[in-house]
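> with the input below, show me the fold.
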Amino acid sequence: MVPVLAVDNEYLFGLIGKFLARDDARPRHDYGHLGADPRAGILEPWRFPWVDAVYDGDDAAQPYNAVTFVHAAVDRQPGHAVQVAGSFADLHTPLPLLPLADTHYATLTLRIRKGEVHHYRLRIDGVWQVDPINPQRMMLDNGVEWSRFFTWGATRRLVLERWESRLLQRLCSHILPFHTADGETFFKRVHDAQGPANRAPHAYRLDESAGAVNFIDKLLAREEAHHLVDYQICLELIDGLLRQRNPVIEPWKLPREVFAGLYREMATASVAGWNYGRYGNPRYFLQLLRRHTLTGVFSHPRYGGNAMTLGWKYLEERYRDASGATLFDWGRAIEAPLGRNSAYRG
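Numbers count the residues shown, from 1 in each chain. Now for the predicted structure:
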């Protein structure tokens with residue numbers, strides 16, 4: 001049985017207050033991907049279920065997240081019976097969401113291992129349905145739609161297809177500042193020092209852009225789902241364009257100079273062979289890709305990028321003062337096991 005965590009009402013009201021406690025239900029948060037859906041009236045609905053750190057006094061709890069499910073009754077009346085069943089537990093044993101004080105909200109917080117992707121459904125007053133406030137949806141092989149969420153550090157592809165990931169891997173790798181002689185020497189040394197026995201499960205190889213593709217996949221599955229269409233169209237256009245220029249070699253295997261030339265063309269918004277009828281500004285996509293790639297490889301690994309903290313380790317070694325001491329001592333600010341700050345847990 002998945003452990004149920006006890007959390008205080010102040011914590012629950014804190015996460016609910018900003019995002020769900022709104023009387024204005026107008027679709028102010030729709031980027032064209034929700035339409036008339038009720039989720040369009042919720043501020044940052046992608047935050048639900050709420051995935052947070054968990055620490056219960058035992059360092060062994062750090063491999064887990066606290067995942068909080070929230071149901072807000074549409075009629076704003078308390079007393080609705082709400083249960084959840086998902087792949088994180090026995091599907092035949094629904095878990096009840098408990099009323100939050102005398103409000104119309106019901107909540108449940110579970111301890112779920114990091115690095116996982118799960119699907120679930122809610123049973124509201126006896127009727128099974130997807131979570132009405134979670135934008136993430138997935139279709140199982142039997143044609144039934146489920147809600148989905150992922151915990152910190154998940155590596156399974158969610159929205160990108162395999163060929164898209166391969167091509168995106170090459171596009172990202174040439175944006176990052178690691179393809180210098182010093183950068184490649186650093187990455188080879190750090191990666192090899194891990195040793196096969198010490199590498200995290202599903203750890204990214206160095207030629208996979210230090211997890212940047214995984215970060216972008218998770219970003220497009222949640223926070224920036226409205227940009228998924230940009231990637232789908234532009235990756236298809238780039239794939240077709242590169243196949244026209246070299247019909248013999250798979251696009252993701254082409255030499256570095258081919259991608260360098262493509263970037264120069266995209267930066268000027270003038271790409272030979274680009275279908276401007278489908279996507280009018282290749283420069284915009286390049287800027288979007290640069291922002292996502294650099295954010296992912298230098299952000300906290302919990303968000304899917306910066307695998308094995310390689311981005312931070314690169315900055316730590318790259319920037320030093322006259323005495324040789326690093327100017328980017330990231331370990332002081334990050335909790336164990338990644339860093340050495342004992343003030344934080346989870």
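
> for this protein, which segments count as helices?
Under the criterion DSSP state H, the chain carries helices at the ranges 9-19, 162-173, 181-194, 212-221, 228-245, 256-267, 282-298, 310-318.

> out of those, nearest to Gly304?
When the helices of the chain are compared by C-beta to C-beta, helix 212-221 sits nearest Gly304, at 4.2 Å. For glycine as for every other residue, the C-beta is placed from the backbone atoms N, C-alpha and C.

> the closest one vs helix 162-173, what angle?
For helix 212-221 against helix 162-173, the angle by axes from the mean of the first three to the mean of the last three C-alpha atoms, to 10 degrees is 120 degrees.

> for helix 212-221, packing partners?
Helix 212-221 sits against helix 162-173, helix 228-245, helix 282-298, with contacts defined as 3 or more C-beta pairs under 8 Å, 6 or more residues apart in numbering; DSSP states H and E.

> that older thread, output the helices of the chain as a markdown table; include the columns mean neighbour count and distance to Trp128.
A markdown table is the format used below for the helices of the chain (neighbours: other C-beta atoms under 10 Å; distance: least, C-beta to C-beta, whole Å):
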| stretch | mean neighbour count | distance to Trp128 |
| --- | --- | --- |
| helix 9-19 | 14 | 24 |
| helix 162-173 | 19 | 32 |
| helix 181-194 | 13 | 44 |
| helix 212-221 | 26 | 23 |
| helix 228-245 | 17 | 27 |
| helix 256-267 | 15 | 46 |
| helix 282-298 | 19 | 36 |
| helix 310-318 | 19 | 42 |
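
> could you tell me the least trusted of these?
For the helices of the chain, mean pLDDT drops lowest on helix 181-194, to a mean of 68.

> before we move on, back to that, would you turn the helices and strands packed on helix 212-221 into CSV with distance to Thr151?
What follows is the helices and strands packed on helix 212-221, written out as CSV (distance: least, C-beta to C-beta, whole Å):
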stretch, distance to Thr151
helix 162-173, 20
helix 228-245, 21
helix 282-298, 17
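
> nearest to Gly143, of those?
helix 228-245 (21.9 Å).

> quick one: residues in contact with the closest one.
If you take C-beta atoms under 8 Å, 6 or more residues apart in numbering as the criterion, helix 228-245 is touched by 33, 159-160, 163-164, 167-168, 171, 216, 220, 251, 254, 258, 262, 271, 273-275, 278-279, 282, 284-285, 288.

> work out the gap between that helix and the centre of the chain.
Distance, stretch centre to chain centre, for helix 228-245: 22 Å (C-alpha atoms, centre = their mean, to the nearest Å).

> and what of stretch 72-81?
Offset of stretch 72-81 from its chain centre (C-alpha atoms, centre = their mean): 31 Å.

> so how far is Ala260 from Arg111?
For Arg111, the distance to Ala260 (C-beta to C-beta, to the nearest Å) stands at 47 Å.

> kindly report the same for Arg291.
From Arg291 across to Ala260, the span is 19 Å (C-beta to C-beta).

> could you do Val297 as well?
According to C-beta to C-beta, Val297 stands 19 Å off from Ala260.

> please apply the same query to Leu91.
Look at Leu91 and Ala260: by C-beta to C-beta, they are 50 Å apart.

> could you do Trp46 as well?
35 Å.

> and what of Gly331?
For Gly331 relative to Ala260 (C-beta to C-beta), the value is 35 Å.
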